[in-house]
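dropping the sequence and predicted coords here.
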Amino acid sequence: MNPWLLAAIITAVVIAVVIKRMIGEPVNARELFVAPAVLTGIGVLTLIKRADLTGTDLTWVITGAVFGAALGALRGATVQLVDKGGFLWQRYTGRTFLAVIGTLAVTAGFGVLAVKMGMHESARPLQLSIGVSFLGESLMVGRRGMATGIPFAPARRR
């Protein structure tokens, strides 16, 4: 797939998710986990296709993925969860956006450090970084949502 088209699709998905969560949306398991799983899968496939990955690259990619998921979980801890119409809803708050800014700064610093320590700059797919970050957020929101006892919203019918 054309890298520019893929970047445009990913950008559109991320913007759509953020806008929906700013407004507030019902929490259902499928919508919570599908986008992060797809982005993570695209990132992993991108890595698999690379023939020039080194052990150093993989070490930094795996460490970065764990780190990114942890930062996403931190962001997920700032998401507001409420009962609306008998179902769990989520909404991004000002603290969520502060966490996003902090996460971007820390992730950029991590990327610079990884390259300085020998990782190939092109060995860190953006899709993987975004995917694991949203996956960490989704896991945290899901865990927090289950702890509330409020039922998740049913999946939307097409």
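Great, that's in hand. Small disclaimer: the values here were computed from a predicted structure and weren't measured. Residues are numbered from 1 along each chain as shown.

where along this structure do the helices fall?
Under the criterion DSSP state H, the chain contains helices at 3-23, 29-49, 55-76, 94-116, 126-148.

residues in contact with the residue nearest to the spatial centre of the chain?
Central residue check for the chain by CA atoms, centre = their mean: the C-alpha nearest the mean position is that of Phe134, 1.7 Å away. By CB atoms under 8 Å, 6 or more residues apart in numbering, the contact set of Phe134 is 17, 35-36, 39, 72. C-beta: built from backbone N, CA, C; applies to glycine.

repeat that for 6 Å
Contact partners of Phe134, counting by CB atoms under 6 Å, 6 or more residues apart in numbering, are Pro36.

please report how far it lies from Arg30.
As judged by CB to CB, to the nearest Å, Phe134 and Arg30 stand 14 Å apart.

list the contacts of the least confident helix or strand in the chain by mean pLDDT.
The least trusted helix or strand in the chain, going by mean pLDDT, DSSP states H and E, turns out to be helix 3-23, with a mean of 82. Contact partners of helix 3-23, identified using CB under 6 Å, 6+ apart, comprise 35, 92, 127.

still on that earlier bit, out of the helices of the chain, which is closest to Phe87?
When the helices of the chain are compared by CB to CB, helix 126-148 sits nearest Phe87, at 10.1 Å.

and Gly41, how many neighbours does it have?
Gly41: 13 surrounding residues under other CB atoms under 10 Å.

now the least confident helix or strand of the chain: buried residues?
Within helix 3-23, the residues scored as buried using 16 or more other CB atoms under 10 Å are 10, 17, 21.

of those, which is the nearest to Gly149?
Arg21 (21.7 Å).

measure the closest one to Gly111 for me?
Separation of Arg21 from Gly111 (CB to CB) stands at 25 Å.

could you do Ala37 as well?
Distance from Ala37 to Gly111, counting by CB to CB: 23 Å.

now swap in Lys20 and tell me
Separation of Lys20 from Gly111 (CB to CB) stands at 28 Å.
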